[in-house]
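Asker: only geometry, no sequence info:
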């Protein structure tokens, strides 16, 4: 049997900085920096900065 990790995966949302929409859902380990990615936002039809938010 393999080792069990103590860090649990969390469900996070990527929220558009321009519209505030939750466009993407990811599973990430709880440790680490907050994600900031350039992702496509269908409402404004272009790539915008998306930041990590928890529930």
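Answerer: Received, thanks. In this text the structure is predicted, and so the values were computed from the model without any measurement. Numbering: from 1, shown residues only.

Asker: which residues touch the spatially most central residue of the chain?
Answerer: Central residue of the chain (Cα atoms, centre = their mean): residue 14, 3.6 Å from the mean position. Contact analysis of residue 14 by Cβ atoms under 8 Å, 6 or more residues apart in numbering lists 22, 23, 24, 25, 26, 35, 37, 39, 50, 51, 52, 53. Yep, even glycine has a C-beta here, placed from its N, CA and C like the rest.

Asker: not counting sequence-adjacent ones, nearest residue to the fifth one?
Answerer: Spatially, and ignoring its direct neighbours in sequence, residue 26 is nearest to residue 12 (5.4 Å; Cβ to Cβ, 6 or more residues apart in numbering).

Asker: list phi and psi for the one you found.
Answerer: phi -130, psi 160 (degrees, to the nearest 10).

Asker: how many residues are close by it?
Answerer: Residue 12 has 20 neighbours, counted by other Cβ atoms under 10 Å.

Asker: what does residue 21 give?
Answerer: 16.

Asker: and the one 10 residues further on, by the same measure?
Answerer: The number of residues packed near residue 31 is 6, by other Cβ under 10 Å.

Asker: what about the strands in this structure?
Answerer: For the chain, applying DSSP state E gives strands covering 9-16, 22-29, 36-41, 46-53.

Asker: among these, which is nearest residue 3?
Answerer: Closest approach to residue 3 among the strands of the chain is made by strand 22-29 (14.5 Å; Cβ to Cβ).

Asker: residue contacts, residue 36?
Answerer: 49, 50, 51, 52.

Asker: contact partners for the first one?
Answerer: This points to residue 49. Contact analysis of residue 49 by Cβ under 8 Å, 6+ apart lists 16, 17, 36, 37, 38.

Asker: out of those, who's the most crowded?
Answerer: With neighbours defined as other Cβ under 10 Å, the most crowded of the contacts of residue 49 is residue 16; it has 20 neighbours.
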